[in-house]
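# A predicted structure for the sequence below; I have some questions about it.
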Amino acid sequence: MSGPTLIAVGDNCLDVYLTKNQMAVGGNALNVAVQWRALGMDARYFGMVGRDPEGDLILDGISRAGLDASDVERAPGQTAVTLIHGHDGDRRFLHEDLGVGLHYQPDMPRLVALESAGWVHLGTNASPGLVQHLLRRNIRFSIDVSTAHDQVPLDGVPLVFASGPEDDATPIEPLFARFRAKGAVSTVVTCGGRGAFYDDGHTVHRVQARQVNVVDTCGAGDSFIASFIVEHMVRELPAPTALHHATEAAART
């Protein structure tokens with residue numbers, strides 16, 4: 001492991017593939033932490049699971065990925081579960097129970113740990129209160145709003161990740177203008193096969209998607225996020241280089 005400690009905070013879930021008769025541990029924040037660990041970074045994951053068998057499975061997966069399962073809190077209630085229908089490499093979410101991890105707010109020792117992190121990433125369905133806490137403490141962080149662009153206030157947020165339109169005929173600039181109006185300092189928009197765009201506050205950079213034979217798209221965006229943060233925000237590589245590396249990471253996933 002190398003470099004500063006990177007901490008992902010928020011969602012985890014047990015992905016149940018109804019068309020494959022399979023289960024997998026996932027969730028945006030957890031996936032990002034796992035990818036950081038695979039990149040050789042000193043990574044931690046803060047989240048919450050229920051005191052149920054599904055929670056046991058997620059904690060086991062966290063340990064097998066090389067993360068410290070003791071960083072995860074447990075509470076009475078249900079662990080998040082997502083039912084997925086897969087078809088031709090793409091997936092459709094049939095049902096999502098966000099469980100006890102919805103709007104997860106870390107306890108005080110974990111909040112203190114965030115203050116010394118080199119970077120913090122908040123997953124989808126992050127707590128608005130946690131966003132404000134990080135801003136007040138001047139902690140470097142990012143947040144994935146995915147398709148829920150209006151879920152949390154973004155004023156002053158250093159880096160926002162969002163999903164955008166795949167159709168080349170749909171202009172991307174109005175979406176960036178919207179995030180700028182909300183106060184986001186910089187924004188990455190991933191657009192599937194169209195590629196990805198990064199507005200650093202001055203220039204919009206674009207990278208084409210790498211063409212691959214798709215097996216399963218689940219987790220590809222999280223790999224993109226993890227790689228981009230490491231390469232651009234931590235290692236300070238130029239945006240075009242970081243975007244290229246992130247695209248390769250997504251393609252591998």
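Arrived safely. Residues are numbered from 1 along each chain as shown.
# Would you map the strands across this protein?
Remark: strands assigned in the chain by DSSP state E are 2-9, 13-17, 22-26, 41-46, 48-50, 73-75, 81-87, 90-97, 119-122, 141-146, 159-163, 187-190, 196-199, 204-207.
# tell me the contacts of the residue nearest the centre of the chain?
For the chain, residue 28 is the residue whose C-alpha lies nearest the centre (Cα atoms, centre = their mean; 3.9 Å). Residues in contact with residue 28 (Cβ atoms under 8 Å, 6 or more residues apart in numbering) are 10, 11, 123, 124, 144, 146, 221, 222, 225. Any C-beta I mention is one placed from the backbone N, CA and C, and that applies to glycine too.
# circling back: now the strands of the chain as JSON lines including mean pLDDT and distance to residue 128?
Below are these laid out as JSON lines (pLDDT from 0 to 100; distance: least, Cβ to Cβ, whole Å):
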{"stretch": "strand 2-9", "mean pLDDT": "90", "distance to residue 128": "13"}
{"stretch": "strand 13-17", "mean pLDDT": "89", "distance to residue 128": "20"}
{"stretch": "strand 22-26", "mean pLDDT": "90", "distance to residue 128": "23"}
{"stretch": "strand 41-46", "mean pLDDT": "98", "distance to residue 128": "17"}
{"stretch": "strand 48-50", "mean pLDDT": "97", "distance to residue 128": "17"}
{"stretch": "strand 73-75", "mean pLDDT": "97", "distance to residue 128": "19"}
{"stretch": "strand 81-87", "mean pLDDT": "80", "distance to residue 128": "22"}
{"stretch": "strand 90-97", "mean pLDDT": "74", "distance to residue 128": "20"}
{"stretch": "strand 119-122", "mean pLDDT": "98", "distance to residue 128": "10"}
{"stretch": "strand 141-146", "mean pLDDT": "95", "distance to residue 128": "10"}
{"stretch": "strand 159-163", "mean pLDDT": "96", "distance to residue 128": "14"}
{"stretch": "strand 187-190", "mean pLDDT": "97", "distance to residue 128": "18"}
{"stretch": "strand 196-199", "mean pLDDT": "98", "distance to residue 128": "23"}
{"stretch": "strand 204-207", "mean pLDDT": "97", "distance to residue 128": "27"}
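# For residue 181, which of the ones you listed is the nearest?
When those are compared by Cβ to Cβ, strand 187-190 sits nearest residue 181, at 11.3 Å.
# what separates that closest one from the chain centre, distance-wise?
12 Å (Cα atoms, centre = their mean, to the nearest Å).
# can you list the residues that contact it?
Here strand 187-190 has contacts from 159-164, 172, 175-176, 179-180, 196-199, 221, 224-225, 228, 250, using Cβ under 8 Å, 6+ apart.
# repeat that with 7 Å
Contact with strand 187-190 is made by 160-164, 172, 175-176, 179, 196-199, 221, 224, 228, as judged by Cβ atoms under 7 Å, 6 or more residues apart in numbering.
# Poorly predicted segments of the protein, please.
1-2, 87-91, 147, 149 (pLDDT under 70).
# just so I have it, where are all the helices in it?
Here the chain has its helices, by DSSP state H, at 28-38, 53-64, 108-114, 128-136, 173-181, 220-228, 239-252.
# For the contacts of residue 28, work out which two are farthest apart.
10 and 221 (14.6 Å).
# So for these two, which residue has more residues nearby?
The neighbour comparison of residue 10 against residue 221 (other Cβ atoms under 10 Å) goes to residue 10, with 29 against 22.
# Next one: that one from residue 213, what distance?
Here residue 10 is placed at a distance of 31 Å from residue 213 (Cβ to Cβ, to the nearest Å).
# Ok, residue 233 next?
With distances taken as Cβ to Cβ, residue 233 is found 31 Å from residue 213.
# who's more crowded, these two?
More neighbours surround residue 233 than the other of residue 233 and residue 213, with 20 against 5 (other Cβ under 10 Å).
# contacting residues for the residue lying closest to the more buried one once chain neighbours are set aside?
Distances taken as Cβ to Cβ, 6 or more residues apart in numbering put residue 119 closest to residue 233, at 5.8 Å, once the chain neighbours are dropped. Contacts here follow Cβ under 7 Å, 6+ apart; on that basis residue 119 touches 6, 140, 141, 229, 233, 234.
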